[in-house]
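Build me a model from this:
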Amino acid sequence: MNTILSSIGDDAGAPELSERLRIPYPVIVEGKYDKLKLVSVIDADIITTGGFGIFRNNEKAALIRALASKTPVIILTDPDGAGGMIRSKICGLIPPDRAIRLYVPRIKGTEKRKKAPSAEGVLGVEGISREELYALFLPYAADDAAPEKALRRTVITAADLFRDGFSGGEDSSARRDAAGASLGLPPGMNAKAFGAALSFILTEKEYKELAGKYGKSSAKP
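This next block holds a predicted model:
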């Protein structure tokens, strides 16, 4: 599924949007400035690739695959060659029917925070106006009458991981690896990364079941 933004507005002096759109799908963008721009427009779980970091970050790749096993994901990268490569990498990680591809056009310009334009001289996602991004995401906003389509995120805290034996114990690393393997996550994740991944892909009930099988209450990892 592809959506292309057809026009670009100017963010300078633009009025504040009255409310953010609630997007039920995870949104993948390249960097932190793209994410900062989007959080002013949408209420969603937003994941950054760290630019080309996605090519060497096995944990991030595994997280994206795990997310796509639960729900469609929205992919929005910059409209340049680098963005195309990153988009192709993400799309190669997930089934085609799980990818919602959003596009912004190639517009010459420089983002406000930069002193010089990008290598191709076009605006990235962070340079697109809030109003235009709002229009781009509007077709994917959650329908309050059908909230079941949303991926309900669980907040798994450091205290939860410690209580359940996934951190702070001699066998915690082994427990994380065993639990992660059952979800398609890579071995060797630290407790913080492990908790963040579980928060994205598990419901509260599913986490309790995972902890019951692999956590401190189980006989062994």
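
alpha carbons only for contacts and neighbour counts from here, please
Noted.

per-residue confidence for residue 194?
If you check residue 194, the pLDDT there is 89.

OK, contacts around it?
Applying CA atoms under 8 Å, 6 or more residues apart in numbering, we find residue 194 in contact with 176, 180.

So what does it have for phi and psi?
Backbone torsions for residue 194, taken as degrees, to the nearest 10, come to phi -60, psi -50.

Map the structural domains onto the sequence of the protein.
2-143, 158-214 (automatic domain parsing).

worst average pLDDT in these?
The minimum mean pLDDT among the domains of the chain belongs to domain 2-143 (a mean of 84).

That one: how far from the chain's middle?
10 Å (CA atoms, centre = their mean, to the nearest Å).

Hmm, residue 215 is touching residue 169, no?
No: at 10.8 Å, residue 215 does not count as touching residue 169 under the criterion of CA atoms under 8 Å.

And the residue nearest the centre of this structure?
Taking CA atoms, centre = their mean as the criterion, residue 47 is the residue nearest the geometric centre of the chain, at 2.6 Å.

which SS class is the residue nearest to it when sequence neighbours are not counted?
Spatial nearest neighbour of residue 47, chain neighbours left out: residue 28 (4.8 Å); criterion: CA to CA, 6 or more residues apart in numbering. For residue 28, the assignment made with DSSP: H, G, I helix; E, B strand; the rest coil gives strand.

Next, count neighbours for residue 28.
Neighbours of residue 28 under the rule other CA atoms under 10 Å: 22.

which ones are touching it?
Applying CA under 8 Å, 6+ apart, the residues near residue 28 are 46, 47, 48, 49, 73, 74, 75, 76, 77.
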